[in-house]
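**Student:** All I have is the shape, not the residue letters:
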Ligand code: G16
């Protein structure tokens, strides 16, 4: 095995964000850009030497080229064996599942998640550790620090490995298994959910679904699990073929981007009963009913209140966690159940310790992510199966389940307003100004909403005591309304300002109002306090979810 030592010059912009390093494809195609970052990962992840590693991606443009490079660099690093998905395909949850099942030392996932793909789109690379979850900040900080001074990387001289057929082969001393991307994940799902019960829902002929894979990674998973194993209607999966550019779409499962699915569910008498979508790498989910949208924060609350009905959670829910900007709907359920509810910074990596320490069973985020202790990633297909299992048990529609939840726990009207591609200096100045106001807002009243807390959120991990600061400005009102501001950690163009607004209403006669109307005053307050129009020169957000 011939290992070449390649001299390189460091890049100074390889700082991982909320979820790995995300840049444009063009950035990744710069000379040695990918290799530098991968070498920095290997230099930190010394545990990979002599161990098993999992490798795969969401199928976007540059996926297979990157995989061939990483295979040769892994061989040079002394990795013992690599399991790689056929055609380079593995969803993020499937990688987490495989790491845990086969006790791998870690895994590399190639994805820019919900960001668009193609030669002019985005690419990304994430490292997951031995528990199956995203590498913690200490790891990604160490990778970034190394990347700033890296001057060589190592790569084996070898032919490319054919990824299109299932086989075992090797590069030098390293074994390679090209595996079916779905098998192990599907088996895990069967162990968590009551598949016969869901099968009977479909075989009754009275229930149909539509799942939009958005031409991203979940297509093969959805065809196998929903159609072949569970016997869903023949047209249950749309856009099920993974494409390098997601057919020009934006693989983000929300009302703005999953338009085809929304049109199908809103189509009247012949509409399916249940709709869902997932994102580029299969970790996000959107759940909808006929003309009815389930807010992801509500979805987490509903899952928590009902998990004990499902086989995988019969023993009950130990505790729950949500990220800061996720609505407080799940807090109400946790309170009623007498279990702990943790509030963490944005990013799935903050749930890892809580799950490993068995403090929580379920967790979720407003950004269309929910999951449980079955793996260490959020999981789109899992969330869809959770809802299908619940519907099969309750024999109620998505809307009925959600409304009955609201009538018991109250409704959290919730919205997120995104202002995209703002000049970074403008965004930083807006936050500096907001931080300067923190002390002065307490006690002030806006449209009858009295501020009882305003701070820049920081989090002390209860397991390892690590502290994470500056995670978003939150303003809490006496009536449990809330405004949160933060900057996205996943964009690749300028800065994206996210403003999260919620209002809690217990009166069921007010549970049927348009969300933006119910939140109009708070939306105004949020824009005024942060001086959004003056500073960004924008009067409306680019995306409302
Ligand atoms: C990633 C993280 C999520 C996080 C989201 C927030 O999602 O994995 O845990 O909630 O980013 O994104 P932002 O920082 O832009 O608000 P994904 O699905 O992109 O991996």
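**Tutor:** Yes, it's here. Remember, it's a predicted structure, so these values are computed and weren't measured experimentally.
**Student:** Excluding its own residues, what touches stretch 389-399? List them.
**Tutor:** Stretch 389-399 has contacts (CB atoms under 8 Å, 6 or more residues apart in numbering) with 193-194, 197-198, 200-201, 207, 273-274, 287-290, 292, 294, 302, 306, 309-310, 387, 400-401, 404. C-betas here are computed from N, CA, C, even on glycine.
**Student:** in which helix or strand would I find residue 287?
**Tutor:** strand 285-289 (DSSP states H and E).
**Student:** strand partners of that strand, parallel vs antiparallel please.
**Tutor:** If you go by DSSP bridges, strand 285-289 pairs up with strand 274-278 (antiparallel), strand 292-294 (antiparallel).
**Student:** deepest of those strands, which one?
**Tutor:** By mean neighbour count, with neighbours taken as mean count of other CB atoms under 10 Å, strand 274-278 ranks first of the strands paired with strand 285-289 at a mean of 29.
**Student:** quick one: residue 237 and residue 223 touch, right?
**Tutor:** Yes - between residue 237 and residue 223 there is a contact under CB atoms under 8 Å: 5.4 Å.
**Student:** and the longest helix seen in the chain, what other elements does it pack with?
**Tutor:** Assignment by DSSP state H gives helix 424-441 as the longest helix of the chain. Here helix 424-441 touches strand 449-456, strand 473-477, strand 482-487, strand 495-505, helix 520-530, helix 532-536, going by 3 or more CB pairs under 8 Å, 6 or more residues apart in numbering; DSSP states H and E.
**Student:** hmm, 7 Å instead?
**Tutor:** strand 449-456, strand 473-477, strand 495-505, helix 520-530, helix 532-536 (3 or more CB pairs under 7 Å, 6 or more residues apart in numbering; DSSP states H and E).
**Student:** okay if I get these as a markdown table plus mean pLDDT, mean neighbour count and distance to the ligand?
**Tutor:** Below are those laid out as a markdown table (pLDDT from 0 to 100; neighbours: other CB atoms under 10 Å; distance: least, CB to the nearest ligand atom, whole Å):
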| stretch | mean pLDDT | mean neighbour count | distance to the ligand |
| --- | --- | --- | --- |
| strand 449-456 | 94 | 17 | 16 |
| strand 473-477 | 97 | 23 | 14 |
| strand 495-505 | 97 | 23 | 6 |
| helix 520-530 | 96 | 18 | 16 |
| helix 532-536 | 95 | 16 | 17 |
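**Student:** Any chance of CSV for the ones you listed, columns distance to residue 98?
**Tutor:** Below are the helices and strands packed on helix 424-441 laid out as CSV (distance: least, CB to CB, whole Å):
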stretch, distance to residue 98
strand 449-456, 38
strand 473-477, 37
strand 495-505, 32
helix 520-530, 42
helix 532-536, 43
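**Student:** coming back round to it: got the contact list for the longest helix of the chain?
**Tutor:** Around helix 424-441, the neighbours that count as contacts under CB atoms under 7 Å, 6 or more residues apart in numbering are 451, 454-456, 473, 475, 485, 487, 494-495, 497, 529-531, 535-536.
**Student:** mind checking which of the helices and strands packed on helix 424-441 is nearest residue 331?
**Tutor:** Of all the helices and strands packed on helix 424-441, strand 495-505 sits nearest to residue 331, with 10.0 Å by CB to CB.
**Student:** Does anything pack onto the following helix or strand past that closest one? Which helices or strands?
**Tutor:** Of the helices and strands lying after strand 495-505 in sequence (DSSP H and E), the nearest is helix 515-518. Packing contacts for helix 515-518, counted by 3+ CB pairs under 7 Å, 6+ apart, involve strand 411-422.
**Student:** From what I see, residue 339 and residue 317 are in contact.
**Tutor:** Yes - counting by CB atoms under 7 Å, residue 317 is a contact partner of residue 339 at 6.1 Å.
**Student:** These two: which is more packed in?
**Tutor:** Taking other CB atoms under 10 Å, residue 339 and residue 317 do not tie; residue 317 has more neighbours (21 against 18).
**Student:** per-residue confidence for that one?
**Tutor:** Residue 317 carries a pLDDT value of 98.
**Student:** Checking my notes, it in a helix, right?
**Tutor:** No - assessed with DSSP: H, G, I helix; E, B strand; the rest coil, residue 317 is coil; it does not lie in a helix.
**Student:** Now for the closest residue to it other than its chain neighbours: which residues touch it?
**Tutor:** Once flanking residues are discounted, residue 317 sits nearest to residue 361: 4.4 Å by CB to CB, 6 or more residues apart in numbering. By CB under 7 Å, 6+ apart, the contact list for residue 361 reads 307, 313, 317-319, 372-373.
**Student:** where's residue 307 relative to residue 373, distance?
**Tutor:** Here residue 307 is placed at a distance of 11 Å from residue 373 (CB to CB, to the nearest Å).
**Student:** more crowded one of those two?
**Tutor:** Using other CB under 10 Å as the criterion, residue 307 and residue 373 rank with residue 307 on top: 21 against 18.
**Student:** one step back: between the contacts of helix 424-441, which is closest to residue 102?
**Tutor:** Residue 102 has its nearest neighbour among these in residue 487, at 37.1 Å by CB to CB.
**Student:** I'd guessed that closest one sits against residue 499; true?
**Tutor:** No - contact criterion CB under 7 Å: residue 487 and residue 499 do not qualify, at 10.7 Å.
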